[in-house]
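Visitor: need a 3D model of the following:
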Amino acid sequence: MKIQKRLLSILMAAAMAVGMTACGAPAEAVKDKGGSSDAGSEENVADVGEKTEITLTYWNKEETMRPLLKLLKEKLPDIEVTYAYTSNAVYGTTVRTKLLSGAGDDILVFDAQDTQQLGSQGLLEDLSELYAEDYASAPGFTVDGKMYGLPLNTWYEGIYYNKDIFEQNGIQLPATFDELLAVCGKLQNAGIQPLTIGAKSADTLIKSSLGYITAEYLLQDAGKDFDSKFSRGEIKMADAWTPYLEEWSRLVKDGYINDNMLGVDPNQAMDEFVTGVAAMWPSGTWDYNTIRKKNINMNFGLMPYPGSRPENACLVGGASGAFCINSKSKNVEAAYRVLEVIASAEGQKALCEGSPGSGSYLEGVEVEIPEEYEPVRDTLEAGRVYCSWDNWGDLDVFPAYGQAVQSVVIGSTPKAALEEVDEQADRILRGRR
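Guide: Sure, this is the predicted structure:
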């Protein structure tokens, strides 16, 4: 059963809350940017001499990009696409700094906030005429009617679990947060580490905590307007989120998430999961192929983040980011040709192949979810997928929230931690005035 259209429609609806729109003409004039409008035609596969090098940087490991890189090599024999993986922990600082200095790679991936900020500063090419119409359902990559990024595939995160460990210990999938805590307790009593989290990087902690906050608040009537109001300074995070972060912190109080994990990086956490040291591991679509590569025989599944009731279960997810062209690139026209291939149906399928279960914003590209993702099918079909920070506009407090959740792990109260985020938000908002 196809579920991608439902997922994309809910993400688009969520994005409308922040009032972003896309406009422009159909994607038909790439040859004006130095490439044929038919990237895969016979004419393009001609004998070539010296190749033009295009560097592409992204925070996802090359494993997730291999099908797309292979396609680019086949379709563009006169262009050498060099993939530059940059760790998510330093991506914002390293890549943004280079771009702001007038250097940087030819094609860069940025999230919605960075795409808007850097695009409005004239550092990224305006892609509106080429892709705004075909990718109008993608949230967050336009500002003032201009589209500065070609959306990647969708992503979502839940909790991977080891089916064999669950079956051997007579454990059913938890349908509520209380049941998740009970499962953790049963595993721990059996001498099995319930959860592993690479909390040295705050990303997984952020999404784990947001799993409960999204299930119980952001996707409920009470919280549906929170992100738009927060981005304008009309509501405080501490006032709205404290009871939900307190509930999530029961995982910390019971020791299932602990300060030892602050020294564990995401790769170590993955290894603990695939080797059977830990029974559960929060992560998402981008890690499916790597799990298979590390342990081809592993019997695993993906469950949603549970809430207080079964019907509240959700996934944290949205657009993976966007491919942007550096306006100072010395090979801008070749970069446009690369984006043309990526934007095609064939390119979108290759992109999704690298992250099984992900979807495309291009109409007509449908992707089946892997068998291991069956436990999240109902959640996907119900459209209970949301990414809070994608809707904060240029209020960039994502790092501050990560530090806040890390501080909860080492003993801060949820309220005090969230007040620190509010102080950072206030500083940013004052700077606007």
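Visitor: which residues in the stretch 251-400 of the chain form helices?
Guide: Secondary structure of the stretch 251-400 of the chain by DSSP state H, counting those that start in this stretch: the helices cover 266-274, 288-294, 332-343, 345-353, 377-381, 398-409.
Visitor: where's the closest residue to A175 other than its chain neighbours relative to V376, distance?
Guide: Computed as C-beta to C-beta, 6 or more residues apart in numbering, the closest residue to A175 that is not its neighbour in sequence is P310, at 4.1 Å. Yep, even glycine has a C-beta here, placed from its N, CA and C like the rest. From P310 across to V376, the span is 13 Å (C-beta to C-beta, to the nearest Å).
Visitor: ok, and the closest non-adjacent residue to the spatially most central residue of the chain?
Guide: In the chain, the C-alpha closest to the average C-alpha coordinate belongs to S320, at a distance of 4.0 Å (C-alpha atoms, centre = their mean). Of all residues not flanking S320 in the chain, L152 sits nearest, at 3.9 Å (C-beta to C-beta, 6+ apart).
Visitor: any idea how far the one you found is from Y160?
Guide: Here the criterion is C-beta to C-beta. By it, L152 lies 21 Å from Y160.
Visitor: also E50?
Guide: With C-beta to C-beta as the criterion, E50 and Y160 are 45 Å apart.
Visitor: of these two, which one has the most company?
Guide: Neighbour comparison, E50 and Y160: the larger count goes to Y160, with 25 against 7 (by other C-beta atoms under 10 Å).
Visitor: could you chop the protein up by domain?
Guide: 4-153+320-365, 155-318+385-432 (automatic domain parsing).
Visitor: tell me the span between the first and last residue of the longest one.
Guide: Counting by C-alpha to C-alpha, to the nearest Å, the length from the leading to the trailing residue of domain 155-318+385-432 is 31 Å.
Visitor: check E363 and give its pLDDT.
Guide: Note for E363: predicted pLDDT of 86.
Visitor: likewise for K31?
Guide: Predicted confidence (pLDDT) at K31: the value is 29.
Visitor: next: K186.
Guide: At K186, pLDDT is 98.
Visitor: for it, phi and psi?
Guide: phi -60, psi -40 (degrees, to the nearest 10).
Visitor: check contacts around it.
Guide: Counting by C-beta atoms under 8 Å, 6 or more residues apart in numbering, K186 touches 169, 171.
Visitor: at 10 Å instead, please
Guide: 169-171, 192, 194, 279 (C-beta atoms under 10 Å, 6 or more residues apart in numbering).
Visitor: now the angle from the host helix or strand of P67 to helix 345-353?
Guide: Assigned by DSSP states H and E, P67 belongs to helix 66-75. Per axes from the mean of the first three to the mean of the last three C-alpha atoms, to 10 degrees, the angle that helix 66-75 makes with helix 345-353 is 150 degrees.
Visitor: quick check: what element follows helix 66-75 along the chain?
Guide: Sequence order places strand 79-85 as the next helix or strand after helix 66-75, per DSSP H and E.
Visitor: what's the average pLDDT for that next one?
Guide: According to the model, strand 79-85 has a mean pLDDT of 96.
Visitor: and the residue nearest to the centre of the chain, its phi and psi?
Guide: phi -70, psi -20.
Visitor: in this structure it contacts W286, no?
Guide: Yes. Counting by C-beta atoms under 10 Å, S320 touches W286, with 7.8 Å between them.
Visitor: now for the two: what residues contact both?
Guide: 59-60, 64, 153, 155-156, 355, 358.
Visitor: of those residues, which is the nearest to Y244?
Guide: Nearest to Y244 among the shared contacts of S320 and W286: Y156, at 19.6 Å, using C-beta to C-beta.
Visitor: the closest one belongs to a helix, doesn't it?
Guide: No. Counting by DSSP: H, G, I helix; E, B strand; the rest coil, one finds Y156 to be strand, located in no helix.
Visitor: shaky segments in this structure?
Guide: 1-49, 433 (pLDDT under 70).
Visitor: where do the strands sit along it?
Guide: In the chain, the strands defined using DSSP state E lie at 52-58, 79-85, 107-110, 142-143, 146-147, 150-151, 154-162, 193-195, 278-284, 300-303, 315-319, 322-325, 385-386.
Visitor: now do the contacts for P67.
Guide: 289, 347, 349-355.
Visitor: quick check: which of the helices of the stretch 251-400 of the chain is nearest to T97?
Guide: helix 398-409 (15.0 Å).
Visitor: neighbours of T93, how many?
Guide: Neighbours of T93 using other C-beta under 10 Å come to 10.
Visitor: list the contacts for I235?
Guide: Applying C-beta under 10 Å, 6+ apart, we find I235 in contact with 223, 225-229, 241, 422.
Visitor: out of those, who's the most crowded?
Guide: W241 (29 neighbours).
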